[in-house]
Every structure is written in C-alpha cells, then in structure tokens.
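Sequence plus the predicted model coming up.
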Amino acid sequence: MASKQLNNKALEKFAELMIEKIQQVSDNWQKPWITNTVGKPRNAITNRPYRGFNDLMLYFESERKGYAMPAYLTYKQAMDVGAHVKKGEKSSSVVYWLRDYVEKDNPKKKINADEYVKLSDAEKENYKQRLVLKDFAVFNVAQTSIPEEKPELYEKIKSRYSFVKLNDENGMVKSPPLDDMLENQLWLCAIECKQSNRAFYRPSEDLITVPLKAQFKDGESFYSTMLHEMAHSTGAESRLNRTKGLVFGDDKYAKEELVAELTAAVTAATLNISTSIKEENAQYLKSWLESLKTEPNFILTLLTDVNKASNMIVDVVSPEVEQAQSESVQFKPSAEKTEEINVFGLEKGKIYTFGGDNKQIQFTGAMAGGYLHFKYVDSGKTFQLLTNGKPPKGIKPFPTEDSDIHMEHENAGERKQLFAFNEIPKEDLKQIGVKMTDLSEVDKMKLLSGKETKAISVVTKGEKQKATLQLLRAEDNTVSLAIKVEQEAQKLKKGIRR
C-alpha cells in the first residue's frame, strides 16, 4: 500500500489512485488525465458538487471502475429513496476537514465548534483549534438499485450529465466560458494569445503567453495548455503563494508542474474538456511516483494545492453549460407569486440586486443541475447559486425609474455567524496593513466567532480614527472582511467562497 505512514485511510487510497493514474500515463503520456469528462462529481440525491480533494479522486475512481457518470450517494441516501446498495459493492471515500478545539494542557480533552463559541473569552484562551481530516463512504449510483427500481430518479440524475460539445468555424472544439474569459481578459493576469512556439507564464511580468488556437492539433489541446499556464499563475505571491523551484528539473519545480497538470485536468473536466500531460513533463513521471510512494505528506499537500488552484480558476471562468433534457421541468415559469423575483424570470445579461447592501449583479446563465451563474458588476467577480427548483433568495430586480424595490431578507441579522480559519481573507488583511501573524490566537478566535477584534487605525475623510476588524457572511454565503469605524461597517471586498 502506498504511503503507509499516512494517518488517514482515505489519503492512502487517494495516493494509490494517483500512483495508478501516473503509471497509466507513463505507459502512454498522450492519454488524457481524465477520460470521462461529463461534468463535476456530484451527490446523486442533493445534486451538490463534491469539493476539496474529492473532485479529482472521484473522477479517477469513476474512470477506474467504468462508471458512466461521477454521481455518488451514501448508503443511507439510497435507502431513503427506496433503493439499496447492491450486494458485494465496495464504497469510495469522500473526505472533509472537521474543526474542533483541544485543551492546551490536555490534548485529550476536546470540544466542538458550537461548544467553543459558548465559552467565555478567558475560557477560550485555554483551547487551541485543530483540523482533523475525516472521511465517509459513498457509492456510485451504478452500484445501487436506483437504475432498475427508481427509473424516473435515475433519468433525472443522468440528465445532469448531458452536455453538447460545440465546434468553432474551423471545426475545433470550443469552450464559450474560456473564450469569453480570453476575449474580455477576465483572468487574474493578462493572457497574450499570439503566434508563438511555446506557452509559458512569466512571474516577473505576471503574464501568460499562449500560441494561437490554430497552431494546436485540436481545440482541447489549446484550452488545456491555457489552463495549465493559468494554474501556474495562481501560485503567484499575491495569490496562493506556492513554493516553486527555481531550477528546471528540481523537486520543487517538478511538484509545481504536477500541480499545474492536475489543476488543468480537473478544471477542464468541469468544462467538459479532456487534457493530456504536456510532453516536456513526461520526464517527471518517475519522480512523481517516487514522491507519492515515499513521502507521506506529498499527496496531502498536492491535493490541497490543486484544490485551491482549481477553485480559483472555476470561480473566474464560471462555466455555462447548455441544458439538454436536464432539470428543465424546474425551469418553467411558475404562476405562484412570491415577494422575491422568481428564478424563472431571470434574463441573461440583465442586472439585478443582491444581498443586504443591494450589490449590482448580472445574470450570466444557467448550468445543468440547477446552478445559476452571476457576476458582480463592480468587481467582475463571479459566483453561483444552487436553486434546487426554488427561487434564489435575495435576488431582486435592479431599481429603475418606474420601480423602487427595497426589501430586507426575512432572515437578515439572524443568520448564525460561524467561520472557518481558511475563510479569513488574508489578501484583504494585507491591503490594510495587517498580517495574519499580527493576529494573536485570541484575535483569531474572536474573528472566527464573528466578533469584533483587533483595534487598528484607519484614515477616513483625512482623519485617523480607531477601528476594529470583523468577518461578515453575505446572503450568497461569501465571506468579507469589514472595518468598523464608529459603529459604521465599511465592506472591503466580496467574492470569497466558503
């Protein structure tokens, strides 16, 4: 078994899957990383996409076992819909981080986040936060009796993975989301597409250069190359600040190439595009295998980096997928009137307001499975809402001369404020001159519990005033950092997804 020193069985399984995949690529480096690009791995019942490390691993697991689609569910979910897991079927693992707190002087004594929030400030100082990687078992829908016993449900699940590939005027595969990103220069750094004999990301200029699409053998090669370089650019110091090797061929350089390879693969699969290993990276296959087999933490840091980078790319690209016999029944106009605008009345390209501060957003399209995509008008940041067949809460028509709509969400102010450590917008802190290291453990705990913390000085209207920091969660579940000056919150930035 690979990486025997790992403390988590799921990570051991993930390492084995990765080793097997790299060995397959070694036999034929032109073989795609992910062959069955029919859409994101999702829960078959709730339709929620799996996050974190699970995306890539469920893609590999589905391919390994020949499943038609990466739709998974728990044993209990199968039972709840009146079906069952077939006899003899083995589960796959899905992992998540569990946050709890342990006593500093007695690590065996632990409490959960809800219990921690109820402690006094003095009591909280006796505890420190701990992140524990947990896993649970899931089964592919093909491992259950749903296809035979629940044909209507099965057809609904299948419809979420029905996509139509489009070709451009030259017969090459095209990706509207990536084409739009390139045309409007929406990526985090400039992308220069020109006649060239190589693609690269130049950190000193924060610039990506990619040859013209016509220079590639097919459209997928063009997009996968661009995604590979975009993955490299996410590691810039101002973004994810990944450690990269300075010398071509050293261990750190090789790992960064694997991060870029897998980030491009999982992001492309989300866009229904397949990617293959870059020819020059075939030389690293042996070192990647060696690291996976001998370094226990390699798989953990690798998957963490890939997860962060792919999330950053998908957040900007915001794929729009044409629905074909999807959940269209849920997108028909409804006669029922509600205080909030019905999702079925949303018009692509139209401006709406969202959240308690009435931020202007533009509806950019619907994705199979009930996902609606929006873009903030002021920042261009994108986000998505899952409708589950219901109108998205907080979306209102943008006020015009003949409409003056100002509604407060019924649950505004009542939402429970609980935050995770990785939700703290570190770049926003840096912008106002505060580093994470400036925050004490007490400061961080106050911040994570939604309380005001860390007295700072800010200049408003030319005068230096005292202020405090606070985390806020918006209606769309994004987290922002706020500066409170004399009881008046000033939002700095939105768009950080939980």
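Sure thing, it's come through. Numbers count the residues shown, from 1 in each chain.

Next up, the contacts around residue 281.
Shown here is residue 281, whose contacts under the criterion Cβ atoms under 8 Å, 6 or more residues apart in numbering are 257, 258, 261. Every residue, glycine included, has its C-beta placed from N, CA and C.

Give me the local confidence score for it.
Among the per-residue scores, residue 281 shows a pLDDT of 81.

Spell out the secondary structure type for it.
For residue 281, the secondary-structure state derived from DSSP: H, G, I helix; E, B strand; the rest coil is helix.

surely residue 292 meets residue 19?
Yes: judged on Cβ atoms under 8 Å, residue 292 makes contact with residue 19 at a distance of 5.2 Å.

who's more crowded, the two?
Set side by side, residue 292 and residue 19 give different neighbour counts by other Cβ atoms under 10 Å, the larger being at residue 292 (21 against 17).

How much space separates that one from residue 43?
The spacing between residue 292 and residue 43, counted by Cβ to Cβ, to the nearest Å, is 28 Å.

Same check on residue 230?
Taking Cβ to Cβ as the measure, residue 230 and residue 43 are separated by 28 Å.

quick one: which of these two has more around it?
Using other Cβ under 10 Å as the criterion, residue 230 and residue 43 rank with residue 230 on top: 27 against 17.

Any figure for the gap between that one and residue 312?
Relative to residue 312, residue 230 is positioned 9 Å away (criterion: Cβ to Cβ).

now do residue 160
As for residue 160, its distance to residue 312 is 24 Å (criterion: Cβ to Cβ).

Would you mind telling me which of those two has more residues around it?
Set side by side, residue 160 and residue 312 show unequal neighbour counts under other Cβ under 10 Å, the larger going to residue 160 at 24 against 21.

Now do that one, the pLDDT please.
Turning to residue 160, the model gives it a pLDDT of 85.

Show me where the stretch 301-450 of the chain has its helices.
Under the criterion DSSP state H, counting those that start in this stretch, the stretch 301-450 of the chain carries helices at the ranges 426-431, 441-448.

how about these, which one is nearest residue 222?
Evaluated with Cβ to Cβ, those place helix 426-431 nearest to residue 222, the distance being 30.6 Å.

roughly how far out does the closest one sit from the chain middle?
Relative to its chain's centre, helix 426-431 lies at 20 Å (Cα atoms, centre = their mean, to the nearest Å).

how about that helix: buried residues?
With burial defined by 16 or more other Cβ atoms under 10 Å, the residues of helix 426-431 counted as buried are 428, 429.

do the same with stretch 268-283
Buried positions in stretch 268-283, judged by neighbour count with 16+ other Cβ under 10 Å: 268, 269, 270, 271, 272, 273, 274, 275, 276, 277, 278, 281.

need the contact list for the fourth one.
When you say that, I think you mean residue 271. Residues counted as contacts of residue 271 (Cβ under 8 Å, 6+ apart) are 175, 177, 178, 223, 317, 319.

Could you do the second one as well?
Residue 269 is in contact with 34, 37, 40, 59, counting by Cβ under 8 Å, 6+ apart.

Any idea which residue is closest to the centre of the protein?
The central residue of the chain, meaning the one whose C-alpha is nearest the mean C-alpha position (Cα atoms, centre = their mean), is residue 311 at 3.4 Å.

Backbone dihedrals for the closest residue to residue 40 other than its chain neighbours, please?
The spatially closest residue to residue 40, leaving aside those adjacent along the chain, is residue 49, at 4.6 Å (Cβ to Cβ, 6 or more residues apart in numbering). Recorded main-chain torsions at residue 49 are phi -70, psi 140, according to degrees, to the nearest 10.

these two touch, right, residue 49 and residue 59?
No: Residue 49 is beyond contact range of residue 59, at 11.9 Å (criterion: Cβ under 8 Å).

for this structure, longest strand please?
Looking across the chain with DSSP state E, the single longest strand is strand 127-140.

That one vs helix 441-448, what angle?
Angle, strand 127-140 to helix 441-448, by axes from the mean of the first three to the mean of the last three Cα atoms, to 10 degrees: 50 degrees.

which of the residues in strand 127-140 are buried?
Buried residues in strand 127-140, defined by neighbour count with 16+ other Cβ under 10 Å: 127, 129, 133, 135, 138, 139, 140.

didn't the second one look like it was pressed against residue 101?
Yes: Residue 129 is within contact range of residue 101, at 5.7 Å (criterion: Cβ under 8 Å).

give me the low-pLDDT residue ranges for the stretch 51-200 of the chain?
Under the criterion pLDDT under 70, the flagged ranges of the stretch 51-200 of the chain are 163-165.

Tell me where it has helices.
Taking DSSP H, counting those that start in this stretch, the helices of the stretch 51-200 of the chain run over residues 54-65, 75-80, 113-117, 121-124, 146-149, 151-159, 176-183.

which outside residues touch the longest one?
The contact list for helix 54-65, computed with Cβ under 8 Å, 6+ apart, reads 13-14, 17-18, 20-21, 34-36, 40-41, 49-50, 67, 69-70, 72, 92-95, 140, 262, 265-266, 269-270, 303, 306-307, 310.

got it, and stretch 419-439?
Contacts with stretch 419-439, where a contact means Cβ under 8 Å, 6+ apart, come from 99, 129, 131, 238, 444, 447-450, 453-454, 456, 458, 469, 471, 473, 479-481, 483, 492-493, 496, 498.

Let's see it as PDB, backbone CA atoms only.
Output of stretch 419-439 as PDB, limited to C-alpha atoms (Å, rounded to 0.1, in the frame of the first residue of the first chain):
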ATOM      1  CA  PHE A 419     -16.400  31.000  10.200                       C
ATOM      2  CA  ALA A 420     -13.600  28.700   9.300                       C
ATOM      3  CA  PHE A 421     -10.000  29.700   9.600                       C
ATOM      4  CA  ASN A 422      -9.400  29.400   5.800                       C
ATOM      5  CA  GLU A 423     -12.200  31.800   5.200                       C
ATOM      6  CA  ILE A 424     -10.300  34.800   6.600                       C
ATOM      7  CA  PRO A 425      -9.500  36.900   3.500                       C
ATOM      8  CA  LYS A 426      -5.700  37.200   4.000                       C
ATOM      9  CA  GLU A 427      -5.200  39.400   1.000                       C
ATOM     10  CA  ASP A 428      -7.700  41.900   2.300                       C
ATOM     11  CA  LEU A 429      -5.800  42.000   5.600                       C
ATOM     12  CA  LYS A 430      -2.600  42.700   3.800                       C
ATOM     13  CA  GLN A 431      -4.200  45.500   1.900                       C
ATOM     14  CA  ILE A 432      -5.000  47.400   5.100                       C
ATOM     15  CA  GLY A 433      -1.500  46.700   6.600                       C
ATOM     16  CA  VAL A 434      -2.400  43.700   8.800                       C
ATOM     17  CA  LYS A 435      -0.700  40.400   8.500                       C
ATOM     18  CA  MET A 436      -2.000  37.100   9.800                       C
ATOM     19  CA  THR A 437       1.000  37.000  12.100                       C
ATOM     20  CA  ASP A 438      -0.200  40.200  13.700                       C
ATOM     21  CA  LEU A 439      -3.300  38.500  15.000                       C
END
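
Give me the distance from that stretch to the chain's centre.
Averaging C-alpha coordinates over stretch 419-439 and over its chain gives two centres that are 20 Å apart (Cα atoms, centre = their mean).

what's the answer for stretch 432-445, then?
What separates the centre of stretch 432-445 from the centre of its chain is 25 Å, taken as Cα atoms, centre = their mean.

what about it, average pLDDT?
Averaging pLDDT along stretch 432-445 gives 74.

ok, now stretch 358-370?
pLDDT averaged over stretch 358-370 gives 68.

Name the member of the contacts of residue 271 with the most neighbours.
Neighbour counts for these were taken using other Cβ under 10 Å; the highest belongs to residue 223, with 28 neighbours.

give me every residue that touches that residue.
When the contact criterion is Cβ under 8 Å, 6+ apart, the partners of residue 223 are 173, 175, 178, 268, 271, 273.
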